[in-house]
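Student: missing the sequence, but the structure's below:
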């Protein structure tokens, strides 16, 4: 008689079903499925703690090839990069779903800023807004321009997540924030336009966050499009808020510092209580240097762009000589 229960239906009506590579297998008479006692999800061979470790290493800034080497060193197994990325995409989606209804305890002063990053060989803008008191990252937004609508969308996302209206929003001097904040708050929030890296009303808290985010994106060489960027950025937001230790908060995450009920304690919890029925549709793209054209089409485009730049530079030089301006 064994205390083991079926992983699929929790039935105790099971029997031993031989061994494979030294691991005991079982057969459930109720749901007609076989399984092992390993701490794995149904239909998966890799233990939960290994998958959780992969997610923690990835969002902690470790490149995929380093994660591969670490798994090989610790567990003696080799996994392909696409397999690792499928785990990341699947359980990132699961974490987003579980954290959707979480309401943080935040203050009344929020800091907003934006930074340009390269995604899919084009520049896009990452907008972020952080609570000054708890360091909780309330919302992120990705766009290809810096418009009033984008600023408004960022503030509205933050209001929805916090479940409250801010009293003060501090930003840099981007004009899009002027109307964007008024439209999102109905003019009820004071807007302070600050110079970055000053002591008073400074946005250097979020500037430091962007420094961390840039370190994160330096090892994400496989952004294919904005949708993939948005998915992984939301995963980073969860890692930053729930799991990443902050020295200014006593080496705990913003959510743990709030001392509130959390939907999960770590990435292992996200994996263990996963309810995603359909694996995430994530397309892995091999990394290529962005400074060098590879295909014939890219080479032709680069050739014509270079010719156009030389033509405009020559035209500007002639204009400067003839007009003196």
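Tutor: All right, it came through fine. Note that the structure is predicted; figures quoted are calculated from it, not measured.
Student: secondary structure class for residue 35?
Tutor: Recorded secondary structure, residue 35: strand (DSSP: H, G, I helix; E, B strand; the rest coil).
Student: do the same with residue 170
Tutor: strand.
Student: how deep is residue 101 tucked in, by neighbour count?
Tutor: Number of residues near residue 101 (other Cβ atoms under 10 Å) recorded here: 7. Backbone N, C-alpha and C define where each C-beta goes, glycine included.
Student: let me fix that, I meant to ask about residue 78.
Tutor: 10.
Student: which one is it nearest to, not counting chain neighbours?
Tutor: Setting aside the residues directly before and after it, residue 78 is nearest to residue 72 in space (Cβ to Cβ, 6 or more residues apart in numbering), at 5.5 Å.
Student: surely the one you found meets residue 65?
Tutor: No: if you go by Cβ atoms under 8 Å, residue 72 and residue 65 don't touch, sitting 10.7 Å apart.
Student: related to what we said a few turns ago, in which helix or strand would I find the residue nearest to residue 78?
Tutor: Using DSSP states H and E, residue 72 maps to helix 64-75.
Student: so how far is the helix or strand just after that helix off the chain centroid?
Tutor: Beyond helix 64-75 on the C-terminal side, the first helix or strand identified by DSSP H and E is helix 81-99. Its chain's C-alpha centre and that of helix 81-99 lie 10 Å apart, by Cα atoms, centre = their mean, to the nearest Å.
Student: what residues sit buried inside helix 81-99?
Tutor: 81, 84-95, 98-99 (16 or more other Cβ atoms under 10 Å).
Student: tell me the one of those residues nearest residue 209?
Tutor: Using Cβ to Cβ, residue 99 is the member of those that lies nearest residue 209, at 18.2 Å.
Student: who are the contact partners of that closest one?
Tutor: If you count contacts by Cβ atoms under 8 Å, 6 or more residues apart in numbering, residue 99 has them with 238, 242, 263-264.
Student: which positions in the helix holding residue 72 come out as buried?
Tutor: Buried, per 16+ other Cβ under 10 Å, within helix 64-75: 64, 67-68, 71.
Student: just stretch 225-234 next, same as before
Tutor: For stretch 225-234, the neighbour count (16+ other Cβ under 10 Å) marks 226, 228-229, 231-234 as buried.
Student: out of these, list just those in helices.
Tutor: Judged by DSSP state H, the subset of the buried residues of stretch 225-234 located in helices is 226, 228-229, 231-234.
Student: all strands of this structure, in order?
Tutor: 14-20, 23-28, 34-36, 109-119, 122-131, 137-143, 168-171, 190-193 (DSSP state E).
Student: quick one: closest of those to residue 258.
Tutor: Nearest of the strands of the chain to residue 258, taken as Cβ to Cβ: strand 122-131 at 10.2 Å.
Student: next, the angle strand 109-119 makes with that closest one.
Tutor: Strand 122-131 and strand 109-119 are oriented at 160 degrees to each other (axes from the mean of the first three to the mean of the last three Cα atoms, to 10 degrees).
Student: and strand 122-131, how far out from the chain middle?
Tutor: 12 Å.
Student: residue 265 versus the closest residue to residue 248 other than its chain neighbours, what's the distance?
Tutor: Setting aside the residues directly before and after it, residue 248 is nearest to residue 135 in space (Cβ to Cβ, 6+ apart), at 6.7 Å. Taking Cβ to Cβ, to the nearest Å as the measure, residue 135 falls 19 Å from residue 265.
Student: so between these two, which is more surrounded?
Tutor: residue 135 (22 against 11).
Student: residues contacting the more buried one?
Tutor: Listed by Cβ under 8 Å, 6+ apart, the contact set of residue 135 reads 205, 246, 248-249, 254.
Student: neighbour-wise, which of the residues you listed leads?
Tutor: Neighbour max across those (other Cβ under 10 Å) = residue 254, 24 neighbours.
Student: and that one, how far is that from residue 58?
Tutor: Distance from residue 254 to residue 58, by Cβ to Cβ: 20 Å.
Student: could you do residue 297 as well?
Tutor: Per Cβ to Cβ, residue 297 is found 32 Å from residue 58.
Student: OK, contacts around the nearest residue to residue 27 once chain neighbours are set aside?
Tutor: Excluding its sequence neighbours, the residue lying closest to residue 27 (Cβ to Cβ, 6+ apart) is residue 17, at 4.0 Å. Counting by Cβ under 8 Å, 6+ apart, residue 17 touches 25-27, 34.
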